[in-house]
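Participant: give me a 3D structure for the following:
(2 chains)
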There are 2 protein chains.
Amino acid sequence: MSFPDNIKRPTLLLDEQKCRKNIQLMAEKARNSHLIFRPHFKSHQSVAIGEWFREEGVKSITVSSVGMAHYFAEAGWNDITIAFPVNQREIHEIDHLASQVHLNLLVSSLPSLRALSENLTNPAGIFIEIDTGYHRSGLTVEDADLIKLLVEACNGDRLLSFSGFLSHFGESYHALNVQEIKQVYDHGVRELYQIRAFHQGGVNGIISVGDTPSCSVLDLFPGVDEIRPGNFVFYDVMQLYSRACKTDQIALCLAVPVVDINPSRDEAVVYGGAIHLSKERIFMDGEEMFGLVVHLTDEGWSDPLEGCLVTQLSQEHGVLRLDTTTLKSLQPGSLIGILPVHACLTADAMKRYTTLDGNTVSMFSGIK
Amino acid sequence: MSFPDNIKRPTLLLDEQKCRKNIQLMAEKARNSHLIFRPHFKSHQSVAIGEWFREEGVKSITVSSVGMAHYFAEAGWNDITIAFPVNQREIHEIDHLASQVHLNLLVSSLPSLRALSENLTNPAGIFIEIDTGYHRSGLTVEDADLIKLLVEACNGDRLLSFSGFLSHFGESYHALNVQEIKQVYDHGVRELYQIRAFHQGGVNGIISVGDTPSCSVLDLFPGVDEIRPGNFVFYDVMQLYSRACKTDQIALCLAVPVVDINPSRDEAVVYGGAIHLSKERIFMDGEEMFGLVVHLTDEGWSDPLEGCLVTQLSQEHGVLRLDTTTLKSLQPGSLIGILPVHACLTADAMKRYTTLDGNTVSMFSGIK
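Facilitator: Down below sits the predicted model:
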């Protein structure tokens, strides 16, 4: 019996070879540019996949929650940045973590810094989050005075130390081509330098950036000290469409059973819906879509099938619009594959991976 | 310490009183119309909440996967319809279930019916799925000949028996008002009758419908034998916007810690993102939104705060756009509430509920 024959339900396939190659390539790029490589582990959330990074010499990591930091600390990672604004309600958990590992935290307000200063009993590094255009969290160049205050408060604290300026250039995820990605990066780094320039002589922190699109398309990162990409470990359809990866770099595929065929609409219905893929979508030619369709093979999966899309998702249902040849090759009971629009959200929804030799790779399953 | 003070991380609050009232109201409506009430348990996926239905006299249920059917069968439910096209790859699990409970399955193709006929060793009821306009899965009035064949094949089978015609009027979820919901319902029932009319004398199955919008706004269900609503157990912002529920019927609220404030954009950033709420969204005045914002109180939560919206979600981040008063009342460390756009997907993402007296209500956590 060949590999896919054993699959009964929506199953998140992980191509270990592609994944390891993605890791190797990024680690090498960081080494060549003498950058600290602090990959974001929120994309895979897996101790086992973390080990593939360790084999490439990675020693420092990024996570997006205190729970996730704890999970990786238990697995021996001892240099962790939580790249999410400090959640004061977890201050005791944060302090406990800071007693175990070298912990960096993200701050963009005086109340948060004060809460840390007053409550931590263990040392922690502080990154100040800078928003250079994504407009999610963080301070901007307009907040120069506050930024200065925060840096000084860190420098004057007994346990806190200023680690540097950290930014996530999230706008790059909406870029449509390499040129746009580069513009986002150049603009962001320029603003970070502008901010650092306010602190003549007194600032010794690093500059940390690291969205997957920029890190994938750039070869040189002048002026930057650290990169923190995460999604590149798997890549996905969103990255493919902004030209940040090639088709054969996508390392995740959701295998789904076909359960209904509607020839009059050129559609197949699959067992694989919003609770498996997430409802992340992109627009292609003005139309909303939730994934690309591939054939499964003994070695993994094919290139995306031209003109075949996931057009609709409800809780367990997925609707695929297919070309005539593909449609005719399927019947209820067949198996087909979907490349996710957003690998991180699909991984989080599925909570486990299955490698192409059928092994289960587990991931963080604590309270998120 | 008051109730919300204990909350550290995104926490899905369940107002048991509202939830039980939603259940009572729908059960009463079904009783008054002499309908079989077969609520869809995919919305809550919880044995504990299932018991609240049992207290209202509910004996038969709907689920959307074989795994979920197994979970509820273990909890003593013995009349289960899997309202999802038969997944042939789980045929042995289906057969095992059919040996334990009275099981109804959903079929819309000859290959699927044949697979059941050839492989089941236990009896099962067969619903034929009819698509009256949602265009997801199922056969249409145009497929009269195939429908006839399927009914005859059931009737001629040793273990399979024809249960009736089942439809999900999913278009009603996109209705903008009560009138549109009623139109969807009337059209759907008319088509189901047209289909039943093909089978003069020879058809004794029931007609089963049951989207939450129709079941909520209609008082009488002429010609229908069974309703299967699910979402009404919690309701949500989507239902609120199509006028299928009132604000005080929404029984789920995601409590989230505030982690950053951006006064220049009237925004707060919360720990609560796509992995907690799901990325389900609706459009309000042409703008995409992911939830409404409420204040948390000792008794639960307030009405939605006028002009306050969840405007952006990434993995763990949520961005709220707030009015000046609300914004001024918050600081990093505060707690605020979000009413989800789609309760079922939020529940599935969170995997547990917390009642207003702080108890945890668990839910199905098997492979989905």
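Participant: in the stretch 151-300 of chain A, which spans are strands?
Facilitator: Ranges of strands in the stretch 151-300 of chain A, per DSSP state E, counting those that start in this stretch, are A:160-166, A:206-209, A:226-227, A:252-262, A:267-271, A:282-284, A:287-289, A:291-294, A:296-297, A:300-301.
Participant: can you list those strands in a markdown table and add distance to residue A:45?
Facilitator: Placement of C-beta: from N, CA and C, glycine included. As requested, those are exported to a markdown table (distance: least, C-beta to C-beta, whole Å):
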| stretch | distance to residue A:45 |
| --- | --- |
| strand A:160-166 | 20 |
| strand A:206-209 | 21 |
| strand A:226-227 | 19 |
| strand A:252-262 | 13 |
| strand A:267-271 | 24 |
| strand A:282-284 | 23 |
| strand A:287-289 | 25 |
| strand A:291-294 | 20 |
| strand A:296-297 | 24 |
| strand A:300-301 | 22 |
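Participant: dump these to JSON lines, plus mean neighbour count, mean pLDDT and distance to chain B.
Facilitator: Compiled in JSON lines, the strands of the stretch 151-300 of chain A are given as follows (neighbours: other C-beta atoms under 10 Å in any protein chain shown; pLDDT from 0 to 100; distance: least, C-beta to the nearest C-beta, whole Å):
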{"stretch": "strand A:160-166", "mean neighbour count": "22", "mean pLDDT": "96", "distance to chain B": "13"}
{"stretch": "strand A:206-209", "mean neighbour count": "22", "mean pLDDT": "96", "distance to chain B": "16"}
{"stretch": "strand A:226-227", "mean neighbour count": "24", "mean pLDDT": "98", "distance to chain B": "18"}
{"stretch": "strand A:252-262", "mean neighbour count": "25", "mean pLDDT": "97", "distance to chain B": "4"}
{"stretch": "strand A:267-271", "mean neighbour count": "25", "mean pLDDT": "98", "distance to chain B": "4"}
{"stretch": "strand A:282-284", "mean neighbour count": "13", "mean pLDDT": "90", "distance to chain B": "12"}
{"stretch": "strand A:287-289", "mean neighbour count": "14", "mean pLDDT": "94", "distance to chain B": "11"}
{"stretch": "strand A:291-294", "mean neighbour count": "26", "mean pLDDT": "98", "distance to chain B": "13"}
{"stretch": "strand A:296-297", "mean neighbour count": "17", "mean pLDDT": "94", "distance to chain B": "13"}
{"stretch": "strand A:300-301", "mean neighbour count": "21", "mean pLDDT": "97", "distance to chain B": "18"}
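Participant: tell me which of the ones you listed sits nearest to residue B:322.
Facilitator: strand A:160-166 (25.3 Å; C-beta to C-beta).
Participant: then that closest one to CSV, C-alphas only?
Facilitator: Extracted C-alpha coordinates of strand A:160-166, given in CSV (Å, rounded to 0.1, in the frame of the first residue of the first chain):
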residue,chain,number,x,y,z
LEU,A,160,16.3,45.2,33.2
SER,A,161,18.8,45.9,30.4
PHE,A,162,18.1,47.6,27.0
SER,A,163,18.5,45.0,24.2
GLY,A,164,17.7,47.1,21.2
PHE,A,165,15.0,48.2,18.8
LEU,A,166,12.8,45.5,17.3
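Participant: pairing partners for that strand, with directions?
Facilitator: With DSSP bridges as the test, strand A:160-166 is paired with strand A:124-129 (parallel), strand A:206-209 (parallel).
Participant: hmm, who's touching the shortest one?
Facilitator: For strand A:206-209, the external contacting residues (C-beta atoms under 8 Å, 6 or more residues apart in numbering or on different chains) are A:36, A:38, A:81, A:127, A:163-169, A:185, A:188-189, A:192-193, A:196, A:221, A:223-228.
Participant: in helices, which of those fall?
Facilitator: Counting by DSSP state H, the contacts of strand A:206-209 place A:185, A:188-189, A:192-193, A:196 in helices.
Participant: what pLDDT does the nearest residue to residue A:368 once chain neighbours are set aside get?
Facilitator: In space, residue A:368 comes closest to residue B:275 once its chain neighbours are excluded; the distance is 5.8 Å by C-beta to C-beta, 6 or more residues apart in numbering or on different chains. Residue B:275 is assigned a predicted lDDT (pLDDT) of 98.
Participant: look up the closest residue to residue A:228, ignoring the ones flanking it.
Facilitator: Nearest to residue A:228 is residue A:210, by C-beta to C-beta, 6+ apart, at 3.3 Å.
Participant: where does the one you found land on pLDDT?
Facilitator: Confidence for residue A:210, expressed as pLDDT, is 88.
Participant: my guess is it contacts residue A:168, does it?
Facilitator: Yes: taking contacts as C-beta atoms under 8 Å, residue A:210 lies within contact range of residue A:168: 7.1 Å.
Participant: what about residue A:225, how many neighbours?
Facilitator: Residue A:225: 15 surrounding residues under other C-beta atoms under 10 Å in any protein chain shown.
Participant: residue contacts, residue A:216?
Facilitator: Residue A:216 touches A:26, A:229, A:232, A:239, A:244-245, counting by C-beta under 8 Å, 6+ apart.
Participant: inside helices: which ones of the residues you listed?
Facilitator: The helices, defined by DSSP H, take in A:26, A:239 from the contacts of residue A:216.
Participant: let's have the contacts of residue A:216 in JSON lines, adding pLDDT and distance to residue B:138.
Facilitator: Formatted as JSON lines, the contacts of residue A:216 follow (pLDDT from 0 to 100; distance: C-beta to C-beta, whole Å):
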{"residue": "A:26", "pLDDT": "98", "distance to residue B:138": "46"}
{"residue": "A:229", "pLDDT": "98", "distance to residue B:138": "43"}
{"residue": "A:232", "pLDDT": "98", "distance to residue B:138": "41"}
{"residue": "A:239", "pLDDT": "95", "distance to residue B:138": "35"}
{"residue": "A:244", "pLDDT": "94", "distance to residue B:138": "39"}
{"residue": "A:245", "pLDDT": "97", "distance to residue B:138": "37"}
